[in-house]
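In: sequence and predicted structure are below.
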Amino acid sequence: MPSQSAKSLAVLTVPAFRDNYIWVIHNGHHAVVVDPGEAAPVQAALDKHELTLAAIVLTHHHNDHMGGVESLLQKTSVPVFGPRHEKTPIQGVSHPVSEGDNVTIPSLPLRLKVLDTPGHTLGHISYHAETQRWLFCGDTLFTGGCGRLLEGSPQQMTASLAKLAALPDNTLVYCAHEYTLSNLQFALAVEPANHALQTRMAEAQAQRAQGQPTVPSTIALEKATNPFLRYTEPAIMENLFAKGLLKEREAVLSFAAIREWKNSF
Ligand code: ZN
Ligand code: FE
């Protein structure tokens, strides 16, 4: 479980299920866990690093992001921050939050700004640690891709992604799944001549061959290689046109065409 330090805080990578990542933000004593889909690997990480759970934060209502909450709360009672605007309220959330709210935890020097990022689900939120330049974006922005539009519209998702793309270039992108290789394979079909993308694919393949996570990435890398942030690039629109996937050179239509192509790729 590698960690990255920034100021006095660090982030532990806790793999769960087949391809989920649960993030544990800690200062060596107390910890905040992001999207605990299952409790056992989180508890193991807390025990191993001798950390006391201080809070849980959730990005959206899917079970692979919150399935472990109940079990974690049985061992200790901590505040649970979660999206205010999901279709049905999430059980166990003690502090519903939305854009404009800040999550602060007394035992940690951490402030998480809440951003509304609907699209994958209607209430999906992301958490931005401005000081540390960390973004916890659940299933909205993926490394090399984006979440499926299970509830929201292409308009909502493009607005959400634009909000995240506007964060500082060196912001670390902590998404909730290891999907990088399959995402980049698709990205290369969308934009075959992108050199930054070719380089990224080679690097990601080397990381995965060594069993290393490819997450976090950076906002700069996503802007340079992720087709779901690059849908207005002329080369991408021309490719979509040539394939008969786009009839009109319009941004949101281009995004929607890429998203639909990916669904059956
Ligand atoms: Zn999800
Ligand atoms: Fe998920």
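Out: Right, received. Where do you want to start? For clarity, every value in this text was computed on a predicted model and none was experimentally measured. Ligands and ions are numbered 1, 2, ... in the order given.
In: for the chain, give me the ranges with low pLDDT.
Out: The model of the chain has pLDDT under 70 over residues 1-7.
In: can you tell me which residues in this protein are near ligand 2?
Out: For the chain, the contact set with ligand 2 under CB under 5 Å from the ion comprises 64, 139. All C-beta spots, glycine's among them, are computed from the backbone N, C-alpha and C.
In: residues making contact with the helix ranked longest in the chain?
Out: Selection of the longest helix in the chain by residue count, based on DSSP state H, yields helix 195-209. By CB atoms under 8 Å, 6 or more residues apart in numbering, the residues outside helix 195-209 that reach it are 144, 180-181, 184-185, 187-188, 191, 213-214, 221, 224-225.
In: max pairwise distance over those residues: which two?
Out: The largest separation in those, counting by CB to CB, is between E191 and P213 at 24.0 Å.
In: which of those two has more residues huddled nearby?
Out: E191 (21 against 15; other CB atoms under 10 Å).
In: settle this for me: that one is touching E238, isn't it.
Out: No - if you go by CB atoms under 8 Å, E191 and E238 don't touch, sitting 10.3 Å apart.
In: tell me the first helix or strand C-terminal of the longest helix of the chain.
Out: Following helix 195-209 in sequence order, the next helix or strand is strand 217-218 (DSSP states H and E).
In: hey, where'd the strands end up in the stretch 1-150 of the chain?
Out: 3-6, 9-16, 20-26, 30-34, 52-57, 80-83, 95-97, 102-104, 111-116, 125-129, 134-138, 141-142, 145-146 (DSSP state E, counting those that start in this stretch).
In: and of these, who's closest to ligand 1?
Out: Checking the strands of the stretch 1-150 of the chain against ligand 1 by CB to the ion gives strand 134-138 as the closest, at 6.8 Å.
In: residues of that closest one that come out buried?
Out: Buried residues in strand 134-138, counting neighbours by 16 or more other CB atoms under 10 Å, are found at 134-138.
In: ok, it near ligand 1 or not?
Out: No - applying CB under 5 Å from the ion, one finds strand 134-138 separated from ligand 1 by no less than 6.8 Å.
In: could you check the angle that strand makes with strand 111-116?
Out: With axes from the mean of the first three to the mean of the last three CA atoms, to 10 degrees applied, the angle from strand 134-138 to strand 111-116 works out at 40 degrees.
In: contacting residues around strand 134-138?
Out: 6, 11, 23, 25, 34-35, 57, 59-60, 65, 112, 117, 120, 124-129, 141, 147, 164, 167, 171-176, 216, 219.
In: repeat that for stretch 211-226.
Out: 2, 4, 11, 13, 15, 21, 134-135, 141, 143-146, 164-165, 167-175, 178, 180-181, 183-184, 187, 194, 196-197, 200, 204, 207-208, 229-230.
In: start and end of that stretch, how far apart?
Out: 22 Å (CA to CA, to the nearest Å).
In: buried ones in it?
Out: 214-219, 221-222, 224-226.
In: quick one on the thing from earlier: out of the contacts of helix 195-209, name the ones that lie in helices.
Out: The members of the contacts of helix 195-209 that map onto helices under DSSP H are 180-181, 184-185, 187-188, 221, 224-225.
In: point out the residues in the stretch 51-200 of the chain that sit beside ligand 1.
Out: Going by CB under 5 Å from the ion, the residues of the stretch 51-200 of the chain near ligand 1 are 62, 139.
In: and the gap between the residue most central in space within the chain and L149?
Out: What sits nearest the mean C-alpha location of the chain, by CA atoms, centre = their mean, is C175, with 2.5 Å. Using CB to CB, to the nearest Å, one obtains 16 Å as the distance from C175 to L149.
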